[in-house]
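S.K.: build me a model from this:
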Amino acid sequence: MLRLLASLIFCCFSALANSQTALVELFTSQGCSSCPPAEKLMTGLQQSVDSANAIILSFHVDYWNDLGWKDPFSRPEFAERQRLYKQYGISDGIYTPQLIINGKSAFTGGNGARLAREVTALRQKTFPALIALNTETLTDGKLKINYTVSGTENECVMNFAIVTSGDTTEVKAGENVGKRLISVNTVRMFSYKLLEGKSGSILMRLPDNVLLADLRLIVYAQNTSGAEVLGVAMKSLEN
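M.R.: Coordinates of the predicted model:
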């Protein structure tokens with residue numbers, strides 16, 4: 001079944017050059033037995049498309065940490081972010097695995113067929129907002145992010161995610177005991193800020209014990225009136 005879904009996704013995504021980027025937010029947990037198939041789906045998606053056409057963010061929530069395994073990537077603020085989507089009316093429940101596409105639609109994280117349909121539907125659309133970035137690594141373990149947004153008059157919230165990709169965990173206990181799990185674009189640090197004017201800056205702490213070469217910054221603007229993603233930018237932190 002997973003192979004069939006991966007094949008379907010490849011067919012739908014391989015023709016998305018020069019189209020709108022799909023921002024795919026996966027809410028997941030290493031303590032949830034239903035999540036490994038969604039993680040595999042994200043791995044297949046990451047391998048089959050240009051990252052300029054589909055950007056994945058894996059938010060590891062903390063509310064399954066009492067099932068015998070504490071997810072090392074989990075943070076309570078990621079679960080809170082998931083609850084905000086419910087408050088906006090975008091999702092009808094809090095569960096894992098859950099996918100949110102461009103801040104507009106929510107569905108079960110293992111549904112590869114719907115994921116392919118959702119992204120294919122974006123082929124003829126473009127984001128209204130363009131985001132330009134430059135970064136500076138400071139000596140105190142922080143990252144200064146300067147950003148400029150053009151092309152939209154909407155009131156925006158700017159979201160900043162520092163991610164690692166291909167994180168591998170050997171699960172020693174809990175519902176996924178004995179499994180080797182791989183996470184795509186694991187969110188390590190996350191912050192947000194209301195856009196004031198057309199530009200701004202923010203300081204973020206870099207994750208401990210991770211090389212800059214292994215980090216990427218993903219920045220996306222969302223409409224404050226409904227959470228729709230208006231623009232996305234991604235940058236390596238190696239240089």
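
S.K.: residue boundaries of the strands in this structure?
M.R.: Applying DSSP state E to the chain gives strands spanning 22-28, 54-60, 98-101, 105-108, 130-137, 142-150, 156-164, 167-170, 180-183, 186-194, 199-205, 216-223, 229-236.

S.K.: who wins for proximity to Asp92 among those?
M.R.: strand 105-108 (7.4 Å; CB to CB). Every C-beta, even on glycine, is put in place using the N, C-alpha and C of the backbone.

S.K.: partners of the residue nearest to the spatial centre of the chain in the sheet?
M.R.: The C-alpha lying nearest the average C-alpha coordinate of the chain belongs to Leu57 (CA atoms, centre = their mean; 1.5 Å). Leu57 has these beta-bridge partners by DSSP bridges: Glu25.

S.K.: in JSON lines: the strands of the chain, plus distance to Trp69 and mean pLDDT.
M.R.: Listed next are the strands of the chain as JSON lines, based on distance: least, CB to CB, whole Å; pLDDT from 0 to 100:
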{"stretch": "strand 22-28", "distance to Trp69": "13", "mean pLDDT": "96"}
{"stretch": "strand 54-60", "distance to Trp69": "12", "mean pLDDT": "94"}
{"stretch": "strand 98-101", "distance to Trp69": "19", "mean pLDDT": "97"}
{"stretch": "strand 105-108", "distance to Trp69": "22", "mean pLDDT": "96"}
{"stretch": "strand 130-137", "distance to Trp69": "33", "mean pLDDT": "95"}
{"stretch": "strand 142-150", "distance to Trp69": "30", "mean pLDDT": "96"}
{"stretch": "strand 156-164", "distance to Trp69": "20", "mean pLDDT": "97"}
{"stretch": "strand 167-170", "distance to Trp69": "9", "mean pLDDT": "96"}
{"stretch": "strand 180-183", "distance to Trp69": "10", "mean pLDDT": "97"}
{"stretch": "strand 186-194", "distance to Trp69": "16", "mean pLDDT": "97"}
{"stretch": "strand 199-205", "distance to Trp69": "26", "mean pLDDT": "96"}
{"stretch": "strand 216-223", "distance to Trp69": "27", "mean pLDDT": "96"}
{"stretch": "strand 229-236", "distance to Trp69": "30", "mean pLDDT": "94"}
